[in-house]
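# Sharing a sequence plus its predicted fold:
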Amino acid sequence: MRNRDIDASLLRAFVAIVDAGSFGKAARQINRTQSAVSLQIKRLEEVIDAPVFDRSARPAALTPAGEALVPYARHILSMNDAAVEHLRADRVAGRVRLGLMEDFASTRLGPIVGDFLERYPGVQVEVETGVTSGFVEHIGERFDMIISMTESGVGEGELLH
């Protein structure tokens, strides 16, 4: 009997094509070549024993089997991602206290903290902004980490950039 399990990476490629509207755009989104994405779709079609795209149409259109698969694929991927996130999140928890310059916080911090919290929802991030020269004496007390600018060779710490 043939394997009837659908690999999540095949479903991820399928949904990427559906969302992007083309094999090429989907390939870029999931960091694969277009030929690799085409092979993944071929493998998916072999597992379910039905074509999911009508490749004669431009752009490729979903077949009835493809239409039927979309909600299942989204649900399976959602459950897969939730399980992985739940198991990863259980390992990282706590609080991080961060002090940094106002201009850095207002221009760059939002996306960075957003991505971090998405990956580690069990971590509470506390941010205080201001003149960071006064923050240094509170490292380990009020702050776990401080991001500030100093003259080269002045003070302790690690050069980030």
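The structure has been received and is ready for your questions. Residues are numbered from 1 along each chain as shown.

# quick one: contacts of the host helix or strand of residue 112?
Using DSSP states H and E, residue 112 maps to helix 110-119. Contacts of helix 110-119 from elsewhere in the structure, counted by CB atoms under 8 Å, 6 or more residues apart in numbering, are 88, 123, 125, 127. No exception for glycine: its C-beta is placed from N, CA and C like everyone else's.

# export those to CSV and tack on pLDDT and secondary structure?
As requested, the contacts of helix 110-119 are exported to CSV (pLDDT from 0 to 100; DSSP: H, G, I helix; E, B strand; the rest coil):
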residue, pLDDT, secondary structure
88, 74, helix
123, 88, strand
125, 91, strand
127, 90, strand
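
# ok, which pair from the residues you listed is furthest apart?
88 and 127 (22.9 Å; CB to CB).

# and the worst-scoring helix or strand of the chain on mean pLDDT, how far out from the chain's middle?
Least confident helix or strand, the chain: helix 102-104 with a mean of 80, by mean pLDDT, DSSP states H and E. Chain-centre distance of helix 102-104: 25 Å, with CA atoms, centre = their mean, to the nearest Å.

# what's the answer for stretch 58-71, then?
25 Å.

# Could you do stretch 35-48 as well?
That offset, for stretch 35-48, works out to 23 Å (CA atoms, centre = their mean).

# What mean pLDDT does it get?
On average, the pLDDT along stretch 35-48 is 96.
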